[in-house]
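S.K.: Need coordinates for the below:
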Amino acid sequence: MSTLATPGPFDALSKAEDDEPIFPLLGRDPCAPATITEWCRLRRNRAYKLYGDKLDETSRNTLHAELFQASEAEVMALRMSAWRTRTEPAAEDPSKPTYNEIVKSTEEIEQARRLKILKDGIAHLRESAYHFNMALEVFETLGYLFPETAKILPLINNFAAQMEPHR
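M.R.: Coordinates of the predicted model:
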C-alpha cells in the first residue's frame, strides 16, 4: 500500500518520468475503489491475452508480475473503501441518481451486487486455474507427474464459462 508518508513497491509518483502525465486517486474519492477494480480487470485481461498461453519462463514471470500488481491494487481499493467508511459515518443513499440521472430501484441495486459477486467468483476460478497450472509445473520440475490432473484445468475453465452471465 502506498501513502504519502510510506510509498509502496508500485508507487507511481516515484517511478514517473519528469514529463509523464499521471492521475493519482485519493482514498476520499468515492469513485477511486471502483476505478481501481476496473483497472485491475483490464490489466488482468491484458496480461492473460499477452502471456497466458505462452510456455516460456519470461512470459510466465511477466504474467505472474502483472497479476501480482493487480492483486496489490485490489488490496488498495479495499483499503480505500475501509478508510472512507471510517471517515464518513453515513453511507451513500442508494436511491440517489446515478451518473446518468436514472434512479435505480432496490431490486436493480441487488441485481448489480449479485452480478459483481458472480463476476468476482468467475475471476477467482480463472485465476485458480492459472495457479493450479503453475503448481503442476513446479511439481513436474521435481519429477512428480500427475496424469489425472490433465482433466482438472478444462473442468475449472468449463465451470467458469458456464457461470458467465449471458445477455
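
S.K.: Where does the prediction get shaky in the chain?
M.R.: 1-5, 7-10, 87-105, 167 (pLDDT under 70).

S.K.: Break it down into its domains, please.
M.R.: 22-92, 105-167 (automatic domain parsing).

S.K.: Tell me which of the ones you listed is the most buried.
M.R.: domain 22-92 (a mean of 14; mean count of other CB atoms under 10 Å). In this view, the C-beta of every residue, glycine as well, is placed from N, C-alpha and C.

S.K.: Pop out the phi and psi values for Arg20.
M.R.: In this structure residue 20 is Glu, not Arg. For Glu20, the backbone dihedrals are phi -80, psi 130 (criterion: degrees, to the nearest 10).

S.K.: what packs against the lengthiest helix in the chain?
M.R.: In the chain, with assignment by DSSP state H, the single longest helix is helix 106-141. With contacts defined as 3 or more CB pairs under 8 Å, 6 or more residues apart in numbering; DSSP states H and E, helix 106-141 has these neighbours: helix 32-51, helix 57-87, helix 152-163.

S.K.: Could you check the angle that helix makes with helix 32-51?
M.R.: Going by axes from the mean of the first three to the mean of the last three CA atoms, to 10 degrees, helix 106-141 is angled at 40 degrees with respect to helix 32-51.

S.K.: With adjacent residues omitted, what lies nearest to the residue nearest the centre of the chain?
M.R.: Among the residues of the chain, the smallest C-alpha distance to the mean C-alpha position (CA atoms, centre = their mean) belongs to Cys40, namely 4.2 Å. In this structure, Cys40 finds its nearest non-sequential neighbour in Ala70, 4.3 Å apart by CB to CB, 6 or more residues apart in numbering.
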